[in-house]
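Novice: A structural model of the following input is requested.
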Amino acid sequence: SSYSRLQSVIGATSRMLRVAKQTAQAARMSPYHISRRGVWYNPWEGWLNLIWNSYDAKRVEQVGIDKVTTEWVLRNGGSVLIDDGVAKPYWFGNYNAIPERVHVLGIDGKGNDLTNEGLRHVRDLKHLRTLILANSKLISDEGMKHVAAVKQLEELDLSRTSLGLPGLQMLQTLPHLKRLTIVDTPAVASKNYNYDAVKTALPGTDIDD
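Specialist: Modelled structure (predicted):
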C-alpha cells in the first residue's frame, strides 16, 4: 500500500540521518563542541534533534498517540514495550514493521537523544507503565510536566539526565510510582536535596539516588 511505501521511505531516511549523526559524533561534532575558540553549538545536530522530536498533532489524529509515540521512540534509536493485541507484550524496535494496532506499555530511551519537546508524546499514553530515560542529557525539568501527567506510571529512570529539584518536585504527584531512579542528577547533587522529603511525598516508591 502507499502507506507501507511511505513508512519504508521514512524508515530509510531515518537510518540515513542516524548514520549522518553518528558520523558527526565520531568526528567530535557533538551538540556542544569544544575547540580552541571555546564551546560552540553544532546546528546540524541540533536540527536533527528538533526534527526527530517534533510532535505531529495531525498524525496523532490520524493514527493515534500510541503509534505516533512508537514512531518517535524508534526514530531516535530507542525501543518500546508494546501490546499489539496478538502476542504477549514484547519489546519492539523495528520502525518498518510497526503493527497497525499498538498500545505502548514501556519506553526505553536510555542514551538516546529524546528531548523535553519530544516528551509531549507520553502525556496522553493511557497504558504507559515504564519510562527509561537514563543517560539522556537533553532531558531536564522542562520535560517533567509531561511525565507528571502520566498518572499510571510505575517505573521511571532519570539517572544521569539533567533533572533538577523543580522537576523532581513535579514527579512527586505520581500516585502509582513504584520505582524512581535519579542517580547522578543535578537534583541529587544539590545541597537542598532532601531524600526524606521525597520519600514522604512518595511513600510507596523505591527511590534509588
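Novice: surely Arg123 is within a helix?
Specialist: Yes: assessed by DSSP: H, G, I helix; E, B strand; the rest coil, Arg123 belongs to a helix.
Novice: so the spatially closest residue to Ile98 that is not a sequence neighbour is in which element?
Specialist: Leaving aside its chain neighbours, Ile98 sits nearest to Thr70 (5.5 Å; criterion: C-beta to C-beta, 6 or more residues apart in numbering). (C-beta placed from N, C-alpha, C; glycine too.) Taking DSSP states H and E as the criterion, Thr70 maps to helix 65-75.
Novice: if I look at Thr173, how far off is Asn49?
Specialist: According to C-beta to C-beta, to the nearest Å, Thr173 stands 28 Å off from Asn49.
Novice: and the closest residue to Gly78 other than its chain neighbours, what pLDDT?
Specialist: Leaving out its chain neighbours, the residue that sits closest to Gly78 by C-beta to C-beta, 6+ apart is Gly109, at 4.0 Å. Looking at Gly109, its pLDDT reads 95.
Novice: again, but for Ser4
Specialist: pLDDT, Ser4: 56.
Novice: sorry, back to before: and Thr173 and Asn49? which has more neighbours close in?
Specialist: Asn49 (18 against 12; other C-beta atoms under 10 Å).
Novice: any idea how far the more buried one is from Leu168?
Specialist: 24 Å.
Novice: and what of Thr70?
Specialist: 28 Å.
Novice: please apply the same query to Leu119.
Specialist: Taken as C-beta to C-beta, the span from Leu119 to Leu168 is 15 Å.
Novice: what about the two, which has more around it?
Specialist: Neighbour comparison, Leu119 and Leu168: the larger count goes to Leu119, with 27 against 24 (by other C-beta under 10 Å).
Novice: and the pLDDT at Ala134?
Specialist: For Ala134, pLDDT reads 97.
Novice: what's the closest non-adjacent residue to it?
Specialist: Distance criterion C-beta to C-beta, 6+ apart; nearest residue to Ala134, sequence neighbours excluded, is Lys110 at 4.1 Å.
Novice: can you get me a residue count around the one you found?
Specialist: Lys110 has 17 nearby residues by other C-beta under 10 Å.
Novice: what about it, which SS state?
Specialist: Strictly by three-state DSSP, Lys110 counts as coil.
Novice: what sits against the residue lying closest to Leu177 once chain neighbours are set aside?
Specialist: Of all residues not flanking Leu177 in the chain, Thr205 sits nearest, at 4.8 Å (C-beta to C-beta, 6+ apart). Contact partners of Thr205, counting by C-beta atoms under 8 Å, 6 or more residues apart in numbering, are Leu177, Lys178, Arg179, Leu180, Lys199.
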